[in-house]
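K.L.:
Fold the following.
(3 chains)
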Amino acid sequence: MIEKLFQLPWHVPFGEFSLKLDPLSFIFLIPVAIMILSAAIYAVGYMRPFKATKSMGLHIFFYFLLSSALVLIVLANNVMLFLGAWEMMTISTYFLIVFHDEKASVRRAGFLYFVMSHCGTFLLILMFFLMAQNGGSMNFNVISHSKFPVLLASAVFLLAIVGFGVKAGFIPVHIWLPHAHPASPTHVSALLSGVTIKTGIYGICRVLWMVGVLPDWCGYLLLIIGVLCGVMGVLYALGQHELKKLLAYHSIENIGIIALGMGVGLLGRSHQMPYLAVLGFGGALLHVVNHALFKGLLFLGAGAVIQKTHTGEMDQMGGLARVMPWVSLLFLVGSLAICGLPLFNGFISEFIIYFGLFHGLFYLPLQGAFSCAVGIIALALMGSLALACFSKVYGTVFLGQPRHLKEWPQGERTSSWMLIPMLFLGGWCLWIGLFPKTMANVAFSSGAYLVHTDLSRLPMENIFLPLSFIISGALLFLALVVGLIILRRRLLKDLRPLPVRETWVCGFSQVTSRFQYTSSSFARLIVGMVRTILFFRREGEGVKGKFPPKVSMRSSVHDASEEFLFKPMFVFLTGLSRKLDINRIRHTQIYLMYIFLYLIFLLAWKLK
Amino acid sequence: MNIVFLILVHWLIVLTLAPLFTGVITKVKAFFAGKKGPSVFQAYFDLQKLFQKSSVYSSTTTWIFRAAPIVNLAAVLVLSLLVPVGVLKAPVQFAGDIFLAAYILGLARFFMIAAGLDTGSSFEGMGASREAFFSCLTELALFMNFITLSLVARSISLSTMIGADFPLSWKLMGPILLLVAASFFIVILAENARIPVDDPDTHLELTMIHEVMILDHSGVDLAYMFYAAIIKLFVFAGILVPIIFPIQTGNITVDMLVFLGAMLVVSIMIGVVESVMARLRLNRVQNLLLIAFALAFFGFVVKMWKG
Amino acid sequence: MTSWVDASCIIIVFLSLIILSNYRVVAMIRVFAIQSLVLGLLPFFMHASCISSRDVLISLITLILKVALVPSILFWAIRHVSMRAEIKPIIGFGSSIVFGALIIAGAFWISLSLKLPGKPVSDLILPCSLSTVLLGFMIMVTRTRAVTQVLGYLIMENGIFLFAVSLFDVMPVLIEMGILLDIFVAVFIMAIVVNHINEEFEKSAESIIPKIGETF
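P.N.:
Numbering: from 1, shown residues only, chains lettered A, B, ... in the order given. Have a look, this model is predicted:
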C-alpha cells in the first residue's frame, strides 16, 4: 500500500503545500494521466483545421493549467490547496470549453458551467469550513483522525453530495453537462467526461474517507441518487439525436452506476460489513477508471466523425464505416465496453457491483435487502437501455447508407495523431476486460483504504475466483469465434467468389437511403413508453391526404430539471436582480456610506 | 484435460438434441392446425441443407454483418456451458455466472441489431428497434427472477439456483416457484421469438422481430443463426425444467429419461400456447412483459415476507 | 394444507393484477369469475381435516352468487348498452402494472406491522387480502366505465371476504352473509342505473363516479 507525503514551504494563511499519494489518489491518478496524454495527442490532429483562424496559445496554456490543476486536486492534502486547485480547474475548463466563442450557444454553455461550478464551490467552502473547525486543522490527515458527531457528519455529507454533485453530474444539478459537451472541442469534452466529472467523485470519496462513520440513510441516499441518475441519464440519452449530447447524458448514467456502487459500499460500512463495503467501493472505483477510458475513446471517435461530416446530427450520418474503418472499429470497442458486455472492461466493474448488490441482498436487514434488489433491477435496466442506445448510435452513424448524400466525399483520412490515442484507450479497455486481476486489485485496495479496513482479512478469493472464470469464459468465446470463422471458410471454399447483391428489401424497387431507420425512429418505441417522464415533444403534423405536400417533423426530449427546476429559478432570480438594479442608485456617496458602515461594524465586532 | 472433455461432451449433447425440440413444437402447432406437418427431425434436414449452400452478401454491409452469426452462435454455445442438461452437470459453474449468461446474450444481441442496421433496409431496422425495446423489458423480468431464485437457493450460480434441493423447497416455497416459473415461461416466449411476442414462421413486417433481423443472411450464415436460435430455446427450456420438474432419483438413466420427458412437456406447452394465442399487438406485448416482471416481483415480495 | 391456501391466496392476488392490466371487459369478468371460484373453494382448503356444514354453506353461496349470478348480470349489462370492449384507463396499462406491483409490495410492508389475533392457517392471507383490497380500489379509481368500476368494487369485496374467511372461528356467519348480500345488491343497482343512463342519454355506460361539478 502506497502512502507518500511531499511538503513544500508555502506561506499562505491556513494553507500549506502538502501533497499526499495514497491508494485513493492513485486510482484517480490513473485516468487523469491517461486521459491528459491521450487528449493532448489527439488535439494535435483535431485542432489542425482551426490553426489558421484561431489563436492556439491561449488554449494550450489553459490545457496545461488544467492538467496541473487535476493532478493537484487528486494529490492535495490541505483544504486551501484543494480549493485553490479546484478553482484553477474550473477556470481553465471554462476557457477550454469556450474555444469556439464566436457561437452564442458555446458562450452560453460555458457561462452556465461557470455559474453552476461556483455555486457548487460555495457549498464546498462551507463544508470544508465545518470539517476544518471540527478537526482543528486544515490538513486532511489531521481531519481524518478527528471524530465527527453524527449531526455534523450528516451535514457535511449533504453538502458534499450537492457541492461535488454539481461537478460530478448528479441529477438534478447536472444541467450544465449536456450543454457543455457539445459546445466544447472534442478533446475537451473527452477530458470533461473522463476526468473532470471524476474529480467530483474523488471529492466525495475523500470526504467519506475523512469523516469516518456515517448514519444509515447516507448509503440509501447515494443508492437512490445512483438509480435516478443511471436510469434517467440513459433514457435522456435515448431521446437525443446529437452525438455529443447523447454521450454527455451517458456520462450521467455511468456516474449513476458509480454512485450505486458507492451507496452499496456505504451501506456495508454502516452495517459493519467490511467485505460488502470493499466490494461496493471497489466496483465504483474500478468503474471510475473504466468509464474514463471508454468514454474518452467514444468522444475521440465522435470528434473524428464530426470532423469528417461537419455535423453532429446522427440522422444525417450513416455508412461511415466504409470511409473511416479504423475509427469505426475503435468506436465499436468503446460501445461494447460502455454497454458492459463481456470481453471489455465495463463488464468487470458492473460484475463487481452486481456481486456487491447480491451480497447485500442476502445479508442486509429487510430495508437494505430491498434497496439492493431495487439496485439490481436498476442496473439491469440501465445495461439493456445502454445496449439499445449504443447499438442505435453505432448503427445509425457507421452502418447502412448515408442518409442525405449519395456517398461521403473521400476527403482526407483521419490523421494518425487522432487514431493513436484511440488505439491506446481501446487497448486499455480490452486489456482490463481480458486480464482484470491487476486493476481489480488496485481498485479493491483503494476501496479498502477508503473504508479504513485491512484487505488481507477479507475473503477476496470469493470475487477473484469468479473473475478468473470470466477470463477463461472470454478466452473460450474468442476461441469459438476463431473456430467458427475457420469452419465457415472451409464450407464456402468451393463456392467462392461469393455473390454480392443489393440488399433485398422484400422486393421493393425504389428504395432510397432515406428508407432507413434513423436514430429517432429507432428509439421511438422506448421513448414512447416513458413519454411523460421525458417530456417528449413533437412539432409538425403527420402526412395527410393522398398527394401530401412536403412536411417536416421535429422531436425533442426535454430535461425535467432544466425545465421545471432551474429555468423558473433563473427567471425569478433575473427578475429579482432587475428589481434591485444597481443603476437605480446613482449617488456614489451612498456606496461610500455602505463601506463606512461596514468598517464600523467590523471594528465593533473585533473589539468586543 | 478433464474439463475439456466435459465441455466437448456437453456441446455434443446440446448440438444433437436441440433441433429435436424445435421439431416437437412445430409438430404440435401442425396438430392444432389439423395438418400432418413436417417431420420432427425437419430441423436437422434444414440445417444440413443450409450448411451446403452459398452465402450471398449485400453490397451495403460491412464486416459486422459477417461477424454477427458467428458472435451469436459462439455466445449461445458459451451460455450452454453454464446450464445443466439433465444429469449432465454444467461444466462451468461459478458464483455470478448468471451475469455472464445475461451479458453474453447481450453481446450477441448487439451484433444482431448492428447487423440489422448494417443492411440499410428498413425492415431490419424495424426488427432491430423492436428487439432493442423488448430486450429491456425481458431483462427486467429475467433479473427479477434471478433475484427470487437466488434468495431461495442462497447462491448466485445458475446451476445451484435451479438444481438446488428443490423437492423439499416445493413444499415450502411452492407458490413462489409457481410465480417464478410462470414469469420465466413468458421470458422464454419473449427471448426465443415465440407467439405471442413474435411469429417465428413468417417474415411479414407485422410480426417480425427476430425473423426479420436475419432476413438478409443466407447459406452458412443463416445456418449459424438458425442453430443459435435452436440452442437458445433448448438452453432456456433447460433452465425452466429443473424448476418445474425437480425429480432426482439418483439413477442416471431414469433421471435422463425424466429430463427428456420434461423437455418434451415444456416444448408441447410452448406449442400449445403458440397455437392457442394470436400474436399480440406491439403495445400489448409491452404489457405482457411487464406482467412477467410483476409476477417475478410478486414472488420476490412473498419470499421476503416469508423470510 | 398450508401450501394450497398459500397458492390460492397468491392466485387471487395475481388474478386481481391481471384484471388491473386487462383491456377487454369480457375477459375481466371471466377472470373475476375464476377468482371468485378460487375464493369459494378456499374454506375447503382451510379446514381440510374437519369440514363443517358452515364451510359448505358459505362456499356454496359464494359460488352461486359470485361465480354464476354476478357475472351473468354484468354480461347482461354490457350487452344491453353495447359497450365497446376496449377501454383506456386514466393512467395507462403499463403504468397500471407497475403501480400494481408497487401496491402489492406496499401492502406486504404494511402487513409487517399488523398483528392478527389467533393463529391463521397461513401467514399469507393477511397481506394477500390487503393487496386484493388495494388493487380493487385502484381498479375502481382508474377506470372510466361503470361496469369496470363496479368490478373494482367487487374485487375489493373479494379481498375483504378473503380476510373474513381466515377469521372463521371468530366471526359470526351473519357478517359473511351481510357481505354477500351487499355485493348482490350493488351489482343489481349498477345494472339498473346503467340501463337507465342508456335510456336517458343515449350514451354507452359512462362513469358511475361523477366528475367534479357534474350532477348525476
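
K.L.:
Smallest distance to chain B belongs to which residue of the stretch 501-608 of chain A?
P.N.:
Nearest residue of the stretch 501-608 of chain A to chain B (CB to the nearest CB) works out as A:Y517 at 3.0 Å. C-beta coordinates here come from the backbone N, C-alpha and C atoms, glycine included.

K.L.:
now the helices: where do they sit in chain C?
P.N.:
Listed in chain order, the helices of chain C (DSSP state H) span C:2-21, C:25-46, C:53-62, C:70-80, C:93-113, C:125-142, C:146-166, C:173-201.

K.L.:
Same check on chain B?
P.N.:
Using DSSP H, helices in chain B cover B:2-32, B:42-51, B:63-80, B:97-118, B:122-153, B:158-163, B:166-191, B:210-213, B:220-244, B:252-276, B:282-306.

K.L.:
Which strands and helices lie in contact with the second one?
P.N.:
Contacting helix B:42-51 under the criterion 3 or more CB pairs under 8 Å, 6 or more residues apart in numbering or on different chains; DSSP states H and E are the following elements: helix B:2-32, helix B:220-244.

K.L.:
ok, now with 10 Å
P.N.:
Under the contact definition 3 or more CB pairs under 10 Å, 6 or more residues apart in numbering or on different chains; DSSP states H and E, helix B:42-51 sits against helix A:461-492, helix B:2-32, helix B:220-244.

K.L.:
For A:H174, which of those helices is the nearest?
P.N.:
Closest of these to A:H174 is helix A:461-492, at 31.3 Å (criterion: CB to CB).

K.L.:
after that closest one comes which helix or strand?
P.N.:
strand A:500-501 (DSSP states H and E).

K.L.:
name the helices or strands packed onto that following strand?
P.N.:
Applying 3+ CB pairs under 10 Å, 6+ apart, we find strand A:500-501 packed against strand B:57-58.

K.L.:
follow-up on the earlier one: could the helices of chain C be laid out in TSV, adding mean pLDDT, mean neighbour count and distance to A:G312?
P.N.:
Output for the helices of chain C, formatted as TSV (pLDDT from 0 to 100; neighbours: other CB atoms under 10 Å in any protein chain shown; distance: least, CB to CB, whole Å):
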stretch	mean pLDDT	mean neighbour count	distance to A:G312
helix C:2-21	87	23	41
helix C:25-46	86	20	49
helix C:53-62	75	15	66
helix C:70-80	78	18	55
helix C:93-113	89	19	33
helix C:125-142	90	23	42
helix C:146-166	83	23	49
helix C:173-201	68	15	56
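
K.L.:
Redo those helices as CSV? Include distance to chain A.
P.N.:
Putting the helices of chain C into CSV (distance: least, CB to the nearest CB, whole Å) gives the following:
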stretch, distance to chain A
helix C:2-21, 15
helix C:25-46, 23
helix C:53-62, 36
helix C:70-80, 30
helix C:93-113, 6
helix C:125-142, 14
helix C:146-166, 23
helix C:173-201, 32
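
K.L.:
A:Q133 is nearest to which of these?
P.N.:
Closest of the helices of chain C to A:Q133 is helix C:93-113, at 40.9 Å (criterion: CB to CB).

K.L.:
hmm, back to that, among the helices and strands packed on helix B:42-51, show me which one is buried the most.
P.N.:
Ranked by mean neighbour count under mean count of other CB atoms under 10 Å in any protein chain shown, the helices and strands packed on helix B:42-51 are led by helix B:220-244, which reaches a mean of 23.

K.L.:
The residue nearest in space to the middle of chain C: what's it in contact with?
P.N.:
The centre of chain C sits closest to C:I155, judged by CA atoms, centre = their mean, with a distance of 1.2 Å. The neighbours of C:I155, taking CB atoms under 10 Å, 6 or more residues apart in numbering or on different chains as the test, are C:12, C:15-16, C:19-20, C:28, C:31-32, C:35-36, C:132-140.
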